[in-house]
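Asker: pasting the structure only:
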C-alpha cells in the first residue's frame with residue numbers, strides 16, 4: 001500500500017473577501033508541484049461564499065464537476081437552461097464535455113454557503129454536456145457506504161453519472177464503527193476526506209478536513225474515533 005496524507009492546514013488558501021477557499025490540489029494562484037492531483041481527481045475545493053455573493057458566469061470544458069453543499073444553498077444557472085438551487089443533502093454533477101457556461105450564487109441575505117467542488121478528468125473528451133442533481137438521504141449512509149456518483153456505464157442504484165471510471169461515496173460512521181473498502185479495479189485508489197469527526201486509516205489519525213490517499217492496495221479499513229462524516233473518492237490512478 002502507498003499513501004499520501006494531506007492535513008487540513010497544509011491546503012492552499014485564498015481569501016477574496018466574498019469567497020474563502022481551501023484548495024487540496026493546485027488551483028488558480030495556489031500552485032504546488034507536489035499537489036497536482038490524485039489520479040484523475042484534479043480539484044477538491046472547500047469553498048465558503050458570503051451572503052448575496054457568488055461566481056459569475058464562466059466556462060468549463062472536458063471536465064466532470066461535482067458540487068456537494070455542506071451548509072446553506074447554492075443557486076445554479078447554466079447555458080443548458082438549468083436553473084436550480086442545490087441544498088444540503090443534494091449532489092450536483094456536470095459533465096462539461098464540449099463546453100458550457102454556468103454561474104453559482106449564494107442568494108441568502110444572512111447565511112454563508114459552504115460547499116465542496118470536485119473536478120475529475122473525464123475518460124472521454126468532447127461528450128455532450130450533461131447536468132443532474134439528486135437528493136441523498138443521510139440515514140442511508142449511516143455506517144454504510146452510500147454511492148452518490150458512478151461511471152455512466154456502471155450506474156449503481158440512484159447514483160449520478162459521470163464520464164469516468166470513478167465513484168464517490170458518502171458515509172456517516174458512528175464511534176468505534178469500521179468500514180472496509182475494496183477497490184472496483186486494481187488500477188484505482190481511494191481518496192478519503194474527513195468532512196467532520198476523526199478516523200483512523202492506514203495507521204494514520206485524521207481529523208476534520210484532513211485527507212489521505214491510498215493506492216496500490218486491494219482494500220483499506222476506516223475506523224471512527226468519534227462520530228464522523230466522510231467523502232470517499234475512488235479514482236483510476238493513471
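Answerer: Great, that's in hand. Remember, predicted model here, so these are calculated numbers, not experimental data.
Asker: List the contacts of residue 4.
Answerer: Listed by C-beta atoms under 8 Å, 6 or more residues apart in numbering, the contact set of residue 4 reads 38, 212, 213. The way it works is simple: take the backbone N, C-alpha and C, and place the C-beta from them, glycine included.
Asker: So which residue is dead centre in this protein?
Answerer: The structure's the chain has its C-alpha centroid closest to residue 118; by C-alpha atoms, centre = their mean the separation is 4.3 Å.
Asker: Helix or strand: which one has the closest residue to that residue other than its chain neighbours?
Answerer: Closest residue to residue 118 in three dimensions, ignoring its sequence neighbours and counting by C-beta to C-beta, 6 or more residues apart in numbering: residue 66, at 4.4 Å. Counting by DSSP states H and E, the element that carries residue 66 is strand 64-71.
Asker: Tell me if I'm right that residue 122 and residue 165 touch.
Answerer: No. Residue 122 is beyond contact range of residue 165, at 10.2 Å (criterion: C-beta atoms under 8 Å).
Asker: What about residue 107, how many residues nearby?
Answerer: The burial metric for residue 107, expressed as a neighbour count using other C-beta atoms under 10 Å, is 15.
Asker: Ramachandran coordinates for the nearest residue to it once chain neighbours are set aside?
Answerer: Take residue 107 and drop its neighbours on the chain: the residue closest to it by C-beta to C-beta, 6+ apart is residue 75, 5.0 Å away. Backbone geometry at residue 75, expressed as degrees, to the nearest 10, gives phi -90, psi 130.
Asker: same question, residue 138
Answerer: phi -60, psi -30.
Asker: Within the sheet, what are the partner strands of the helix or strand containing residue 194, with directions?
Answerer: When secondary structure is defined using DSSP H and E, the element that contains residue 194 is strand 188-196. Sheet pairing here is set by DSSP bridges, and for strand 188-196 it gives strand 211-215 (antiparallel), strand 228-236 (antiparallel).
Asker: Show me what the very next helix or strand once past it is packed against.
Answerer: Per DSSP H and E, the first helix or strand lying C-terminal to strand 188-196 is strand 198-201. Applying 3 or more C-beta pairs under 8 Å, 6 or more residues apart in numbering; DSSP states H and E, one finds that strand 198-201 makes contact with strand 204-207, strand 219-224, strand 228-236.
Asker: Just send those strands back as JSON lines, with mean neighbour count too.
Answerer: Formatted as JSON lines, those follow (neighbours: other C-beta atoms under 10 Å):
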{"stretch": "strand 204-207", "mean neighbour count": "16"}
{"stretch": "strand 219-224", "mean neighbour count": "17"}
{"stretch": "strand 228-236", "mean neighbour count": "22"}
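Asker: Kindly present the ones you listed as a markdown table, with separate columns for distance to residue 132.
Answerer: Written out in a markdown table, the entries for the helices and strands packed on strand 198-201 read as follows (distance: least, C-beta to C-beta, whole Å):
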| stretch | distance to residue 132 |
| --- | --- |
| strand 204-207 | 30 |
| strand 219-224 | 28 |
| strand 228-236 | 18 |
